[in-house]
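> Below is the structure, and that's it, no one-letter string:
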């Protein structure tokens, strides 16, 4: 087994081939002298190379699979992190308000 490649698990041949083509495209961009900028502006607008149409069912299934991989916070984590965000936003707003008033007072003293 090649050291640079990981074994392909739970992928069919088509998705493995797509991944290999993406890796080779990335490596060819890295070797180009101008930072990988392509002269072909239509490269990102190409139609689906497999000729397949959009399937809403496959989209929903893929979305459910990705959402199942998300690690959701516990209620305690949600509460404590929300409190930290509210505290930091309030503190930042207060500091901005005080600095604004300080500069306003200083400008009134000078002018």
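Now that the structure is in, tell me what you want to look at. It should be emphasised that the depicted structure is a prediction, and the values quoted were computed from it without experimental measurement.

> just the helices in the chain please.
Counting by DSSP state H, the chain has helices at residues 13-31, 56-68, 75-110.

> Of these, which shows the lowest average pLDDT?
Across the helices of the chain, helix 13-31 has the smallest mean pLDDT, namely a mean of 56.

> Chain neighbours aside, what residue packs nearest to residue 81?
Spatial nearest neighbour of residue 81, chain neighbours left out: residue 73 (7.0 Å); criterion: CB to CB, 6 or more residues apart in numbering. Yep, even glycine has a C-beta here, placed from its N, CA and C like the rest.

> can you count the residues close to that neighbour?
12 (other CB atoms under 10 Å).

> Dihedrals phi and psi, it?
Main-chain torsions, residue 73, degrees, to the nearest 10: phi -70, psi 160.

> that older thread, with mean neighbour count added, can I get the helices of the chain in JSON lines?
Compiled in JSON lines, the helices of the chain are given as follows (neighbours: other CB atoms under 10 Å):
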{"stretch": "helix 13-31", "mean neighbour count": "11"}
{"stretch": "helix 56-68", "mean neighbour count": "9"}
{"stretch": "helix 75-110", "mean neighbour count": "10"}
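
> so what pLDDT did residue 52 get?
pLDDT, residue 52: 70.

> So that it lines up with my notes, have the first residue be 246 from now on.
All right, first residue 246 from here; so that's residue 297.

> separation between it and residue 312?
23 Å (CB to CB, to the nearest Å).

> now residue 338
Look at residue 338 and residue 312: by CB to CB, they are 34 Å apart.

> Quick one: residues contacting residue 297.
Residues in contact with residue 297 (CB atoms under 8 Å, 6 or more residues apart in numbering): none are found.
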